[in-house]
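Asks: Using only what follows, build the 3D model:
(one chain, ligands or ions: 2)
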Amino acid sequence: MEEEIIIQRALEISKKEFKKYENKINPTHCFDHTERVFSLCKKILTFHKDADRLVVLVAAAFHDIGRIKDDYGRHEVWSKEITSNFFENDDKFKKIEEGRKEKILYIIEHHSDLDEKNTKGLKAQDEFKIVVDADRIDSFGPIGIIRASLDERYQKSAKEQLKHIKDKSEIDNFSLNSLGGQQIGEEFKMYLSEFMEKYERQEKIGEL
Ligand SMILES: [Fe+2]
Ligand SMILES: [Fe+2]
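Replies: Numbers count the residues shown, from 1 in each chain. Ligands and ions are numbered 1, 2, ... in the order given. Here you go, the predicted model:
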């Protein structure tokens, strides 16, 4: 099916580009993260039969591609720019309707906005929520803990890494907003709270 070919093409291009720059990117954001977000989106989509699968999966494949240019600044702006270039230059993507391309680029540009309460425009639509939720779920659970400890931004401070994990485990921070995201992600989010409890217990064990 044509749409599946386009989706696979997006993932392949993303992989190829990431591999070129892999040693320059913070290990927490390498291609394996994109691949997991892509797979999570596929799973979340099973709860959203009316969502536009192509929009979600192409946006997932390219959401962090900008990290190959700028890993620590506004990578999402670069992601949009690079994706837009692929859309113009790759014949496969010429078959995507303009409206859907705009939607993909919007999701990519805004995927890390963190304005939870925004219920207007494209942010209120399932396609946007699914990509953002999948991106978040990859920072929860055991994978989230491993990623936090690999994250070069916190390399010199275990305390900072733990604070990062703790922030993510607070109920009001980083909510999951799509039905499928909630169904799949809550258990991994809860795991962060359990991890923090155990960590604190272990750290204070001599004081018991
Ligand atoms: Fe991102
Ligand atoms: Fe991401």
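Asks: For residue 170, see how far away the closest residue to residue 53 other than its chain neighbours is.
Replies: Distances taken as Cβ to Cβ, 6 or more residues apart in numbering place residue 45 nearest to residue 53, at 5.8 Å, with adjacent residues excluded. C-betas here are computed from N, CA, C, even on glycine. Residue 45 sits 28 Å away from residue 170, going by Cβ to Cβ, to the nearest Å.
Asks: on that earlier part again, could you report the neighbour count for the residue nearest to residue 53?
Replies: 21 (other Cβ atoms under 10 Å).
Asks: That one contacts residue 180, correct?
Replies: Yes. Assessed by Cβ atoms under 8 Å, residue 45 is found in contact with residue 180 at 6.9 Å.
Asks: Which neighbours do these two have in common?
Replies: Taking Cβ atoms under 8 Å, 6 or more residues apart in numbering as the contact rule, the neighbours common to residue 45 and residue 180 are residue 130.
Asks: So which residues on this structure come close to ligand 1?
Replies: 64, 112 (Cβ under 5 Å from the ion).
Asks: switch to 8 Å and redo it
Replies: Contacts of the chain with ligand 1, taken as Cβ under 8 Å from the ion, map to 29, 63-64, 66-67, 75-76, 79, 111-112, 135.
Asks: In TSV: these, plus distance to residue 207, pLDDT and secondary structure.
Replies: Converted to TSV, these look like this (distance: Cβ to Cβ, whole Å; pLDDT from 0 to 100; DSSP: H, G, I helix; E, B strand; the rest coil):
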residue	distance to residue 207	pLDDT	secondary structure
29	37	89	helix
63	44	98	coil
64	42	96	coil
66	46	94	helix
67	42	91	helix
75	42	93	helix
76	44	95	helix
79	47	97	helix
111	42	95	coil
112	39	90	coil
135	38	96	helix
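Asks: Give me the helices and strands touching the host helix or strand of residue 146, please.
Replies: Take DSSP states H and E as the rule and residue 146 turns out to sit in helix 141-150. In terms of contacts (3 or more Cβ pairs under 8 Å, 6 or more residues apart in numbering; DSSP states H and E), helix 141-150 is packed against helix 158-169, helix 179-203.
Asks: any idea how far the lowest-mean-pLDDT helix or strand in the chain is from the chain center?
Replies: Least confident helix or strand of the chain, by mean pLDDT, DSSP states H and E, is helix 158-169 with a mean of 79. A distance of 18 Å separates the C-alpha centroid of helix 158-169 from that of its chain, computed with Cα atoms, centre = their mean, to the nearest Å.
Asks: between that helix and helix 179-203, how big is the angle?
Replies: Orientation note: helix 158-169 sits at an angle of 140 degrees relative to helix 179-203 (axes from the mean of the first three to the mean of the last three Cα atoms, to 10 degrees).
Asks: pLDDT weak spots in the protein?
Replies: 116-117, 155-156, 171, 208 (pLDDT under 70).
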